[in-house]
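1. sequence? don't have it. structure:
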Ligand SMILES: N[C@H](CCC[C@H](N)C(=O)O)C(=O)O
């Protein structure tokens, strides 16, 4: 994008996980990492956890594709809360017509269902526990791992939901030292592409509390793929059932994982906050 740029965007959130939504279907080039960082600045930019782009669909039958950038400018493979906001954006724009449609994401196609209560339910794909595809450097797929970090020895489950997740079970999510343990695990070389770190407190077989220190964004008020990751890790451990309410600081998500080979279903809200226009110099020339 050239000097003296101007961008129209939508500001949205899904359970408090907040986004800038940029329509690229008119041929807008992908945002540079420098532009993402400039827009993410809460003081001189717009402020968000992720920037989501709306893009032309890769094939007939798919309504649109969306791209995902974390606030630090890094690209991501999946964003559950963001996918619901993209679905709401496409519905309001009249691009998506019916109650059910397909979206394409960097992690593949997602089935969207618009629920009568105003929430959106997404098929988030099947969890992948294979270390090589998380990616996580482990000799064998153990599901559960331990690592010595600068914040002490941590025990966690590891899984990909199209993006990498580590889930640590804690006695109290409120008292978890998220700001110290999250970066400590992310710093480990065993996660060569980084990792989103979830801190899960089991309240009942169908209810957990969760906080997530996200890759490229820090602690967010909610993480959709993180909620899916926490449920599948805890379900495999026998700590929760197959239908779980996940209570995050910004709201609740409803997760279903019918059986070991099934895809994970996530239902939750999507909200519009405001429409805006950003103008500024090309950050590429500033960095
Ligand atoms: N930070 C994540 C992307 C956003 C995921 C989260 N906001 C969600 O709702 O799934 C990553 O780098 O993999």
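-> In hand now; what should we look at? Only a predicted model underlies this, so the values are computations on that prediction, with no experimental measurement involved.
2. name the residues of stretch 106-114 that are buried.
-> 107, 109-110, 112-114 (16 or more other C-beta atoms under 10 Å). Where you see a C-beta, it was placed from the backbone N, CA and C, and this is true even at glycine.
3. quick one: low-confidence parts of the stretch 151-287 of the chain?
-> By pLDDT under 70, the low-scoring segments of the stretch 151-287 of the chain are 286-287.
4. do that again at 50, thanks
-> Across the stretch 151-287 of the chain, nothing is flagged by pLDDT under 50.
5. just to revisit the earlier point, just send the buried residues of stretch 106-114 back as a markdown table, with pLDDT and secondary structure too.
-> Below are these laid out as a markdown table (pLDDT from 0 to 100; DSSP: H, G, I helix; E, B strand; the rest coil):
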| residue | pLDDT | secondary structure |
| --- | --- | --- |
| 107 | 94 | coil |
| 109 | 97 | strand |
| 110 | 97 | strand |
| 112 | 98 | strand |
| 113 | 98 | strand |
| 114 | 97 | strand |
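6. mind picking the two most distant members of the residues you listed?
-> Spatial extent of the buried residues of stretch 106-114 (C-beta to C-beta) is set by the pair 107 and 114 at 20.8 Å.
7. if we can go back for a sec, which of the buried residues of stretch 106-114 sits closest to the ligand?
-> residue 107 (9.6 Å; C-beta to the nearest ligand atom).
8. now that closest one: phi and psi?
-> Residue 107 has phi and psi values of phi -90, psi 0 when expressed as degrees, to the nearest 10.
9. and for it, nearest residue in space, chain neighbours not counted?
-> Closest residue to residue 107 apart from its sequence neighbours, by C-beta to C-beta, 6 or more residues apart in numbering: residue 162 at 2.6 Å.
10. could you pull up phi and psi at the one you found?
-> According to degrees, to the nearest 10, residue 162 has phi 100, psi -10.
11. use 344 as the first number from now on
-> Got it, the first residue is 344 from now on, which makes the last one we talked about residue 505.
12. quick one: it and residue 560, what's the gap?
-> 16 Å (C-beta to C-beta, to the nearest Å).
13. neighbour count for those two, which is higher?
-> Legend: neighbour count by other C-beta atoms under 10 Å for residue 505 and residue 560, higher for residue 505 (24 against 21).
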